[in-house]
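Colleague: just coords:
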């Protein structure tokens, strides 16, 4: 019997679509290692993120590429060290405070996934440039609904330096409400639209919240709930806890939307923070040293998980991964044959089997910054197995720590372990030379 050609085509499309998962990457902003209840927070309730992490693989040894925003985002979306795509520091509105320029030649994850048949969307905070060549639509996202700038000066007014950066693609939009609620509603709407008549191909959605970045502005009812529940909690901590719990509730709504739309079981979800928590506004980085802006563990080790129902078995892992690894992992899950030229390494075998032999590799961390503390210079860190090399600010000396024996980074071993220090320092210099060849300012 001859099978109708149309039936074969439809069968092929359905088979192809079912083998490629939807991919959802959720990025929290300044969420500390100890600021979820599943990571030990005692004064905070995060039931939805706890549940999400319990349904997949929760990482205890996941690193952000940088202890501040833009560089980590550049690394996530490029699969490369941030300075190798022109973003060693934070991209800001005004040139005198700007320390990065996303290379127009860099291939971003949405561009790569489009070649694999994905529809692509970005919702929320962009923070990778305001110019046309850096716009999400220019860099591979079919749909952008979010905030082009860095931080918001107010979660309800959505401005930065008095300027308006909310966009629907390239059109100005001026929504009302709290930014976390707005980005959540936009995400739920996008997922619903994908579920209606667009099942012929998978989607890639990059959802980046502003929360819990400063200003710490939770909705009033969320703050009152925390204050009523947590006896003796200080105002500063209460506000941050409320802002995180509000975001957690929003993520719960998004997971609910995926399930209601029938997308949950076909979606690979990554959740990660872009860097450690900000200590001076009440952030909790667990028992790690330092926080946001620091090259110590509290600044770069972050809460993270990967969830893929029916594929990833629930577990906790101490496997070491870094933000830029998400790019090759997503590409491998999408069936891409090659991810050559990336600095990140796929951890898809770990997700699928629960086991992966960790390849020996050096991890480097870079941050360039201005102001009197940094003067436009760079702070660095490097990790090789149990050893960590740190220059926490341009004005600080190099330090060497044995994280296995000294996880709190209390004892500098540069003199007692001089051969180790020399070996790591040589590798660090090589990486500095590699990054130094890449422009990080917009050409005039």
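Modeller: Here it is on my side, so go on. Just so it is clear, the model here is predicted, and its values are computed rather than measured.

Colleague: Tell me which residues of the longest helix anywhere in the chain come out buried.
Modeller: Longest helix of the chain, by residue count under DSSP state H: helix 235-260. By neighbour count with 16 or more other CB atoms under 10 Å, helix 235-260 contains the buried residues 237-252, 254-255, 257-258. C-beta: built from backbone N, CA, C; applies to glycine.

Colleague: repeat for stretch 267-287
Modeller: Within stretch 267-287, judged by 16+ other CB under 10 Å, the buried ones are 267-279, 281-286.

Colleague: Could you check the angle the following helix or strand past the longest helix of the chain makes with helix 235-260?
Modeller: With elements assigned by DSSP states H and E, the helix or strand that comes after helix 235-260 is strand 267-273. Strand 267-273 and helix 235-260 are oriented at 170 degrees to each other (axes from the mean of the first three to the mean of the last three CA atoms, to 10 degrees).

Colleague: Neighbouring strands of strand 267-273 in the sheet, and parallel or not?
Modeller: Applying DSSP bridges, strand 267-273 is found paired with strand 22-28 (parallel), strand 301-307 (antiparallel).

Colleague: what is residue 144 paired to in the beta sheet?
Modeller: residue 122.

Colleague: check contacts around it.
Modeller: By CB atoms under 8 Å, 6 or more residues apart in numbering, the residues touching residue 144 are 121-123, 126, 135-137, 167-169.

Colleague: Residue 346: neighbouring residues, count only.
Modeller: 22 (other CB atoms under 10 Å).

Colleague: gap between residue 66 and residue 273?
Modeller: Counting by CB to CB, to the nearest Å, the separation of residue 66 from residue 273 is 12 Å.

Colleague: Any stretches of the stretch 51-200 of the chain with poor pLDDT?
Modeller: 197-199 (pLDDT under 70).

Colleague: Kindly reformat the strands paired with strand 267-273 as CSV containing mean pLDDT, mean neighbour count and distance to residue 262.
Modeller: What follows is the strands paired with strand 267-273, written out as CSV (pLDDT from 0 to 100; neighbours: other CB atoms under 10 Å; distance: least, CB to CB, whole Å):
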stretch, mean pLDDT, mean neighbour count, distance to residue 262
strand 22-28, 98, 24, 11
strand 301-307, 98, 26, 16
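
Colleague: In JSON lines, list these along with distance to residue 443.
Modeller: Output for the strands paired with strand 267-273, formatted as JSON lines (distance: least, CB to CB, whole Å):
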{"stretch": "strand 22-28", "distance to residue 443": "29"}
{"stretch": "strand 301-307", "distance to residue 443": "33"}
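
Colleague: quick one, which of those strands is nearest to residue 153?
Modeller: Comparison of the strands paired with strand 267-273 against residue 153 by CB to CB identifies strand 22-28 as nearest, at 19.5 Å.

Colleague: show me what contacts residue 223?
Modeller: Residues near residue 223 by CB under 8 Å, 6+ apart: 238-239, 242.

Colleague: in what helix or strand does it lie?
Modeller: Element membership of residue 223, judged by DSSP H and E, is helix 220-229.

Colleague: ok so, going back, how about CSV for the contacts of residue 223, with distance to residue 424 added?
Modeller: What follows is the contacts of residue 223, written out as CSV (distance: CB to CB, whole Å):
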residue, distance to residue 424
238, 42
239, 40
242, 42
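
Colleague: Name the nearest of those residues relative to residue 296.
Modeller: When the contacts of residue 223 are compared against residue 296 (criterion: CB to CB), the nearest one is residue 239, at 24.8 Å.

Colleague: so how many other residues sit close to the nearest residue to residue 174 once chain neighbours are set aside?
Modeller: Leaving out its chain neighbours, the residue that sits closest to residue 174 by CB to CB, 6 or more residues apart in numbering is residue 166, at 6.3 Å. Using other CB under 10 Å, residue 166 is surrounded by 19 other residues.

Colleague: next one: residue 187
Modeller: Count around residue 187 with other CB under 10 Å applied: 26.

Colleague: Would you agree it is in contact with residue 208?
Modeller: No - assessed by CB atoms under 8 Å, residue 187 is found out of contact with residue 208, at 10.6 Å.

Colleague: shared neighbours of these two, anything?
Modeller: Shared contacts of residue 187 and residue 208 (CB under 8 Å, 6+ apart): residue 123.

Colleague: Could I get the full set of strands for the stretch 301-444 of the chain?
Modeller: 301-307, 315-317, 321-322, 363-368, 378-384, 387-391, 399-402 (DSSP state E, counting those that start in this stretch).

Colleague: Minimum distance to residue 195: which of the strands paired with strand 267-273 has it?
Modeller: strand 22-28 (10.2 Å).

Colleague: With respect to residue 215, which of the strands paired with strand 267-273 lies nearest?
Modeller: strand 22-28 (16.0 Å).

Colleague: Give me the next element, helix or strand, following the closest one.
Modeller: Following strand 22-28 in sequence order, the next helix or strand is helix 47-54 (DSSP H and E).

Colleague: between that next one and strand 267-273, how many degrees?
Modeller: 120 degrees.

Colleague: roughly how far out does helix 47-54 sit from the chain middle?
Modeller: Here helix 47-54 shows a centroid-to-chain-centroid distance of 17 Å under the convention CA atoms, centre = their mean, to the nearest Å.
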